[in-house]
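Chemist: Sequence first, predicted coordinates after that:
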Amino acid sequence: MKNIFTLLIFLFTYVTYGQVVINELDCDTPSTDDKEFIELKSTTPNFPLDGYVLVFFNGNVASSTANKSYFTISLNGLTTDANGIILIGNTLISPVPEKIFSDNSIQNGPDGVGLYLGSTSDFPLNTLATTTNLIDALVYDTGTTLVPTLQSLLGVTVQINENANSLQTTQSIQRKNDGTYETKAPTPGANNDGSGIIFNGITIAVSTVDKNEGDSFSITFTTQTNVTNDLTFTFSLNNGTFNTSDFTGNTTVTIPTGSNTFTTTIALTDDIVDEGDEVLKIKFGTIPSQYNRLNDNILIRVIDNDYVVAPYGTPLNPTYGIVSSTAPAGYYDSLEGLSGAALKQAVQNIIANPTVVHAQNYGDIIDILKKADQNPLNSNQVWLMYVEKPRSKLDFQDTGINTGKWNREHIYPQSRGGYTDGTSSIPDGINVWLPTNADDILAGHGDAHHIRAEDGPENSLRSNKDYGLTGYNGPSGTMGSWKGDVARAVFYMAVRYNALSVVNGDIPDTTVGQLGDLASLLLWNGLDPSDDFEMNRNNYIYTWQVNRNPFIDYPDLANYIWGAKAGQVWHFNLSTNDFANLKVNLYPNPAKKTITISGLNEMATIEIYNTIGAKMLEKNFTGETKLNIDFPSGIYFAKINSGDKTVVKKILIE
């Protein structure tokens, strides 16, 4: 009797845990891999998947993580449908997956995926593939490279090519009824052979164009076929800080018998609170089992009209002298009367003081930039440095897709600095920090003084290049309002960290610990003076890191350490921002063939540079002077020196 009971337990266990298989996989989809999915099928319908986990393994034999896990998905709480199907994938999959994962999560192969009994904790990152507790596995690719070791580890003998028909981005790998696989057009959420129950799909139709507080808009729900009984369900708009106080309208849907559509109108509340831009999410509530969602989780931006405008200008239209330095009294006193190496060391002693300075992590940088790089014209946006325009704070890049997003640009690139991924990407706030010093190079990974908000694709384009004539010079057609900013950030890094330096010339992009071009950066430091935007930034970062960028407070310090004044004694009274005190006019501006200088009666010099820093003209003059400037149309910088004072002005030549 005992043996029979044991056999029954074995058979029950085998039937329960052996009836789920990997039914379909789409690992490579058009453009940005935003329609990836994996589908499971159970022998019996409505089968609970508690205690199961999907584990994806890297098959790249050239990688140190070959045959090891890179992504796991817990299946707890999920149940297959009336056809025994469960769909897991990206938000753009239709019908809507029962569980969503981020875009571009599944590698194209050669790789593998296993369905296991267990939990995600059983498969920490880089766990070697195994057949222990394995229910089903698939080894796949989009090329011809075979990975026999991974096949062996997962107990499979066949590797399936999603590109077998040379249509990898438009086809998926699908299990046939005999257990073999084929590639054809994806069939998410349905039996691969077209059999089974056909669900009545419901679609949400709405204009996703950005809305303003106070706007009203319609949402229409439509079924594929007319309903045979009244269909009633609810939907929600809540998402993050957007909640029921932010709108009014009916959120219950009733499609009457014989019809297939229902429309409701939502009115957005126009309050007087600066909550920042928000995103509402149109999301289905529970729907009857004979229906499925063809789309869901639809996001709409709600623009807050209660934003704050700062009293100072953007880097593109800078102001000076409105924002004052918050450096404590005596912060720079130790520099007075020093020169050469002693001056540079004294600067480092301040900004890398191990008893004072805080090291924050890379995750904290997101919150820091939302304030430090806030657009002066709209507090709900950040200012993107290279492309010289604002973007909503909401558009931070949190997936592999960077189009239309902003991210964190390391002015001294990670690979060049030697601190790639040197700190945690999980923010822990202003009150959690580590002590640091001049030898703590990993702190450079999260040092906000050289990290700026930037357009994602432009950040990628800059990559790890030097700056200067033969290096990176920014997007075509922009005004170069960022050039002084990056110069002063590089100068800061070259003093703050012992392992870093700034050097002359264009050096290989793989060079660690050196960044160029010093001559260009010194020029940019003068042509694009420190403005109120930078000073505000310096002040805010100081509240986190308890150090400042001295080259923003005193831009001329760079000349005393690396430039024309190297070796001269530093005195504060000779190091003010003289550009704010020299009164000079250039007109007409925009100009055509000539321009007139007025406002100076003493001997002076004018130098005109183009946006990449090439000198176009240099001339001495006295009093009101008319100059011929037969240059190509574009933006130029005029640097005027008189005595110990300097002013830089932008000129537009038509």
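Modeler: Now that the structure is in, tell me what you want to look at.
Chemist: Quickly note the distance from residue 131 to residue 113.
Modeler: 14 Å (Cβ to Cβ, to the nearest Å). Heads up, the C-betas are built off the backbone N, CA and C, glycines and all.
Chemist: Touching both of the two, which residues are there?
Modeler: Common contacts of residue 131 and residue 113 (Cβ atoms under 8 Å, 6 or more residues apart in numbering): residue 137.
Chemist: neighbour count winner among the two?
Modeler: Counted by other Cβ atoms under 10 Å, residue 131 and residue 113 do not tie: residue 113 has more neighbours, with 25 against 13.
Chemist: beta partners for that one?
Modeler: residue 56, residue 138 (DSSP bridges).
Chemist: now swap in residue 383 and tell me
Modeler: As assigned using DSSP bridges, the partners bridged with residue 383 are residue 390.
Chemist: State the phi and psi torsions of residue 54.
Modeler: phi -100, psi 130 (degrees, to the nearest 10).
Chemist: what about it, how many neighbours?
Modeler: Neighbours around residue 54, by other Cβ under 10 Å: 23.
Chemist: Kindly report the same for residue 633.
Modeler: Residue 633 is flanked by 9 other residues according to other Cβ under 10 Å.
Chemist: What segments of the stretch 101-250 of the chain are helices?
Modeler: 148-154 (DSSP state H, counting those that start in this stretch).
Chemist: swap in the chain?
Modeler: 2-17, 30-33, 148-154, 340-351, 362-372, 414-417, 456-462, 483-496, 518-527, 532-545, 550-553, 557-561 (DSSP state H).
Chemist: Make CSV from those helices and add distance to residue 257, mean pLDDT and mean neighbour count to it.
Modeler: As requested, these are exported to CSV (distance: least, Cβ to Cβ, whole Å; pLDDT from 0 to 100; neighbours: other Cβ atoms under 10 Å):
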stretch, distance to residue 257, mean pLDDT, mean neighbour count
helix 2-17, 40, 37, 10
helix 30-33, 40, 75, 14
helix 148-154, 51, 97, 18
helix 340-351, 73, 98, 17
helix 362-372, 51, 97, 20
helix 414-417, 62, 97, 20
helix 456-462, 49, 96, 18
helix 483-496, 65, 97, 26
helix 518-527, 71, 94, 23
helix 532-545, 60, 98, 22
helix 550-553, 70, 97, 24
helix 557-561, 77, 96, 23
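Chemist: Now render the ones you listed as a markdown table, adding distance to residue 222.
Modeler: Putting the helices of the chain into a markdown table (distance: least, Cβ to Cβ, whole Å) gives the following:
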| stretch | distance to residue 222 |
| --- | --- |
| helix 2-17 | 39 |
| helix 30-33 | 26 |
| helix 148-154 | 43 |
| helix 340-351 | 61 |
| helix 362-372 | 39 |
| helix 414-417 | 49 |
| helix 456-462 | 35 |
| helix 483-496 | 51 |
| helix 518-527 | 57 |
| helix 532-545 | 49 |
| helix 550-553 | 57 |
| helix 557-561 | 64 |
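Chemist: Nearest to residue 445 among those would be which one?
Modeler: helix 362-372 (5.6 Å; Cβ to Cβ).
Chemist: Go through the helices of the chain and name the closest to residue 58.
Modeler: Per Cβ to Cβ, nearest to residue 58 of those: helix 148-154, 8.5 Å.
Chemist: other SSEs contacting the closest one?
Modeler: Applying 3 or more Cβ pairs under 8 Å, 6 or more residues apart in numbering; DSSP states H and E, one finds that helix 148-154 contacts strand 52-58, strand 111-117, strand 134-141.
Chemist: Let's see that with 10 Å instead.
Modeler: strand 52-58, strand 111-117, strand 134-141, strand 159-161 (3 or more Cβ pairs under 10 Å, 6 or more residues apart in numbering; DSSP states H and E).
Chemist: Let me know the angle separating the longest one from strand 52-58.
Modeler: Strand 134-141 and strand 52-58 are oriented at 30 degrees to each other (axes from the mean of the first three to the mean of the last three Cα atoms, to 10 degrees).
Chemist: quick one, strand 134-141 and strand 111-117 angle?
Modeler: Going by the same axes, to 10 degrees, strand 134-141 makes 170 degrees with strand 111-117.
Chemist: As PDB, could you dump the C-alpha coordinates of strand 134-141?
Modeler: Presented in PDB, the C-alpha positions along strand 134-141 are these (Å, rounded to 0.1, in the frame of the first residue of the first chain):
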ATOM      1  CA  LEU A 134      14.500  22.200 -15.300                       C
ATOM      2  CA  ILE A 135      11.000  21.700 -16.900                       C
ATOM      3  CA  ASP A 136      11.700  22.900 -20.500                       C
ATOM      4  CA  ALA A 137      14.500  24.700 -22.300                       C
ATOM      5  CA  LEU A 138      15.200  26.300 -25.700                       C
ATOM      6  CA  VAL A 139      18.500  27.300 -27.200                       C
ATOM      7  CA  TYR A 140      18.200  29.800 -30.000                       C
ATOM      8  CA  ASP A 141      20.000  32.300 -32.200                       C
END
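Chemist: tell me how far it is from the chain's mean position?
Modeler: Remark: strand 134-141 is offset 33 Å from the chain centroid, using Cα atoms, centre = their mean, to the nearest Å.
Chemist: begin at 30 from here
Modeler: Sure, I'll start counting at 30 from here, so that last one is strand 163-170.
Chemist: For it, give the mean pLDDT please.
Modeler: Average pLDDT, strand 163-170: 97.
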